[in-house]
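Colleague: Got a sequence here, can you build the structure:
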Amino acid sequence: METKVNNSLIELRQGDITELEVDAVVNAANDQLILGGGVAGAIRSKGGPTIQQECNKIGGTYVGGAVVTTGGNLKAKHVIHAVGPRMGEGDEDEKLKNATLNSLKRSDEKGIQTLAFPAISTGIFGFPIDRCARIMLGNVKEYLSGETKISRVVFCLFDKKSFDVFTKEL
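Modeller: You can find the predicted model right below:
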């Protein structure tokens with residue numbers, strides 16, 4: 001499923017984000033930028049040790065922040081590490097909004113035209129998938145309706161349930 005916003009496209013896919021041919025994939029990161037499980041683990045496994053080495057040099061970022069590394073051995077040239085909130089820490093909706101917007105801003109700064117997001121914070125961080133879809137899709141639509149060089153944003157959802165929630169929201 002896809003929709004056009006201004007001169008950009010928002011696309012929904014079910015599958016493995018590490019297999020997409022985009023300029024950048026977004027990693028659902030923690031604030032220490034340690035590539036553990038979930039999306040981060042898949043990026044570490046397929047992208048190789050270079051990505052974690054670059055994360056170690058950066059040292060971390062704040063909840064709601066986003067930093068960029070190379071894509072290592074991934075098809076994507078870059079990984080944008082976006083730190084989403086853990087449920088229960090407070091102000092979660094605003095922090096997820098900021099993680100989404102900061103990822104888009106880093107994309108424009110780096111000249112990234114195509115990027116893919118996972119459903120940030122919905123794994124071990126426990127963020128509800130329906131709230132995630134509403135916040136992330138809403139903020140991407142708003143960002144793309146302004147001045148940007150981004151031509152395509154893919155939301156790559158690993159399972160059918162998440163894909164269906166995002167489809168309903170889009």
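
Colleague: Shouldn't residue 68 be within a strand?
Modeller: Yes. Inclusion of residue 68 in a strand is indicated when DSSP: H, G, I helix; E, B strand; the rest coil is applied.

Colleague: per-residue pLDDT, it?
Modeller: Per-residue confidence (pLDDT) for residue 68: 98.

Colleague: pull the longest helix from this structure.
Modeller: Determined from DSSP state H, the single longest helix within the chain is helix 92-110.

Colleague: Name the residues of that one that are buried.
Modeller: Within helix 92-110, the residues scored as buried using 16 or more other Cβ atoms under 10 Å are 92, 95-104, 106-107, 110. (Each C-beta comes from the backbone N, C-alpha and C, glycine too.)

Colleague: what's the angle between that helix and strand 66-70?
Modeller: Note on geometry: by axes from the mean of the first three to the mean of the last three Cα atoms, to 10 degrees, helix 92-110 and strand 66-70 are set 40 degrees apart in direction.

Colleague: Tell me which other helices or strands the worst-scoring helix or strand of the chain on mean pLDDT touches.
Modeller: Lowest by mean pLDDT, DSSP states H and E among the helices and strands of the chain is helix 38-47, with a mean of 90. Packing partners of helix 38-47 (3 or more Cβ pairs under 8 Å, 6 or more residues apart in numbering; DSSP states H and E): strand 24-29, helix 49-58.

Colleague: Let me know the angle separating that helix from strand 24-29.
Modeller: Counting by the same axes, to 10 degrees, helix 38-47 points 130 degrees away from the direction of strand 24-29.

Colleague: Any buried residues in helix 38-47, and which?
Modeller: Burial within helix 38-47, assessed by neighbour count using 16+ other Cβ under 10 Å, is assigned to 38, 39, 40, 42, 43, 44, 46, 47.

Colleague: try stretch 113-120
Modeller: 113, 114, 115, 116, 117, 118, 119, 120.

Colleague: With stretch 24-40 instead?
Modeller: Neighbour counts over stretch 24-40 (16+ other Cβ under 10 Å) mark 24, 25, 26, 27, 28, 29, 30, 33, 35, 38, 39, 40 as buried.

Colleague: Most widely separated two among those residues?
Modeller: The largest distance within the buried residues of stretch 24-40, taken as Cβ to Cβ, falls between 24 and 30 and amounts to 18.7 Å.

Colleague: burial of the residue nearest to residue 15 when sequence neighbours are not counted, as a residue count?
Modeller: Residue nearest to residue 15 in three dimensions, not counting chain neighbours: residue 156, with 6.0 Å by Cβ to Cβ, 6 or more residues apart in numbering. By other Cβ atoms under 10 Å, 25 other residues sit near residue 156.
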